[in-house]
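K.L.:
Quick one, fold the following:
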Amino acid sequence: MFSSYTVLSLVNDRLQDLGKENMFEITGKNVASKLRILTKEQRIIAEKLINDVLYEALVGSFTRNSRLSLHLTDTLLQWCIHIMVLNL
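P.N.:
I've put the predicted structure just below:
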């Protein structure tokens with residue numbers, strides 16, 4: 001059985017951890033605040049591009065010389081993303 005002091009210490013540690021944010025949570029809040037001010041169409045496009053970038057990173061497509069290039073593909077404002085890996 002745990003002593004009252006041990007339980008209170010564990011609860012205190014847990015409560016302190018809840019107040020700490022790591023860099024990923026802070027970045028997520030930053031991105032979310034920017035997405036909120038976009039029009040619905042722009043938000044949908046931005047979310048797609050963010051997910052495309054994360055996918056390419058997960059499958060290992062990026063190098064230090066990778067660059068992102070956005071191109072307008074047609075008059076319906078559908079964007080595509082190209083990962084350009086430059087071997088400099």
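
K.L.:
make it CA atoms for all contacts and neighbour counts henceforth
P.N.:
Will do.

K.L.:
Just the element for the most centrally placed residue in the chain, please.
P.N.:
In the chain, the C-alpha nearest the mean C-alpha coordinate belongs to G28, at 5.4 Å (C-alpha atoms, centre = their mean). Taking DSSP states H and E as the criterion, G28 maps to helix 23-36.

K.L.:
Give me the helices and strands touching that helix, please.
P.N.:
Judged by 3 or more C-alpha pairs under 8 Å, 6 or more residues apart in numbering; DSSP states H and E, helix 23-36 is in contact with helix 40-58.

K.L.:
Let me see the domain layout of this structure.
P.N.:
Domains of the chain are assigned by automatic domain parsing as 1-37, 40-88.

K.L.:
buried residues in the helix holding G28?
P.N.:
L35 (16 or more other C-alpha atoms under 10 Å).

K.L.:
Please save the CA atoms from that helix in PDB.
P.N.:
Taking Å, rounded to 0.1, in the frame of the first residue of the first chain, the C-alpha atoms of helix 23-36 are listed here in PDB:
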ATOM      1  CA  MET A  23       7.400  21.800 -28.800                       C
ATOM      2  CA  PHE A  24       5.000  19.600 -30.800                       C
ATOM      3  CA  GLU A  25       2.000  20.700 -28.800                       C
ATOM      4  CA  ILE A  26       3.100  24.400 -29.100                       C
ATOM      5  CA  THR A  27       3.600  24.000 -32.800                       C
ATOM      6  CA  GLY A  28       0.200  22.300 -33.200                       C
ATOM      7  CA  LYS A  29      -1.500  25.200 -31.400                       C
ATOM      8  CA  ASN A  30       0.300  27.700 -33.600                       C
ATOM      9  CA  VAL A  31      -0.800  25.900 -36.800                       C
ATOM     10  CA  ALA A  32      -4.300  25.600 -35.500                       C
ATOM     11  CA  SER A  33      -4.600  29.300 -34.700                       C
ATOM     12  CA  LYS A  34      -3.500  30.100 -38.200                       C
ATOM     13  CA  LEU A  35      -5.800  27.600 -39.800                       C
ATOM     14  CA  ARG A  36      -8.800  29.200 -37.900                       C
END
